[in-house]
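Engineer: Sequence first, predicted model second:
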Amino acid sequence: MVRYIKLAQDQVQQFVHTASKCDFDIDISYNSVVVDAKSFLGVYGMDLSRPLKVSYNGYNSELEDALQKFAIAS
């Protein structure tokens, strides 16, 4: 699945904590840069002023709630 989110600096830790609870891979990308969503430094190092693409294959209700919370308006 692919979702688009926008994170503020103070939301990164919460998102990474939620992603870390999942037993499947989650990637966050912007342009050609791809990082593990379970890595605080990786996510924090992204350009947080831009929409971020979240790619994953799996289901976790807490992750889905977080993605909904941080989703960009479409």
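Structural biologist: Happy to help now that I have it. Numbering: from 1, shown residues only.

Engineer: Grab the nearest non-local neighbour of Ile5.
Structural biologist: Among residues not flanking Ile5 along the chain, Phe70 sits closest, at 3.9 Å (CB to CB, 6 or more residues apart in numbering). Bear in mind the C-beta positions are built from the backbone N, C-alpha and C, glycine included.

Engineer: Please tell me the pLDDT value assigned to that neighbour.
Structural biologist: Per-residue pLDDT puts Phe70 at 96.

Engineer: For it, give its distance to Gln9.
Structural biologist: 13 Å (CB to CB, to the nearest Å).

Engineer: Could you do Ala73 as well?
Structural biologist: From Ala73 to Gln9 the distance is 20 Å (CB to CB).

Engineer: swap in His17?
Structural biologist: 15 Å.

Engineer: and those two? which has more neighbours close in?
Structural biologist: Higher neighbour count among His17 and Gln9: His17, with 13 against 8, using other CB atoms under 10 Å.

Engineer: what are the ranges of the strands in this protein?
Structural biologist: Per DSSP state E, the chain carries strands over the ranges 2-5, 26-30, 33-36, 52-56.

Engineer: Same list (those strands) but as CSV, adding mean neighbour count and mean pLDDT.
Structural biologist: Listed next are those as CSV, based on neighbours: other CB atoms under 10 Å; pLDDT from 0 to 100:
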stretch, mean neighbour count, mean pLDDT
strand 2-5, 15, 96
strand 26-30, 19, 97
strand 33-36, 15, 97
strand 52-56, 18, 98
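
Engineer: With distance to Leu63 added, can I get those in a markdown table?
Structural biologist: Shown next, in a markdown table, are the strands of the chain (distance: least, CB to CB, whole Å):
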| stretch | distance to Leu63 |
| --- | --- |
| strand 2-5 | 10 |
| strand 26-30 | 7 |
| strand 33-36 | 14 |
| strand 52-56 | 8 |
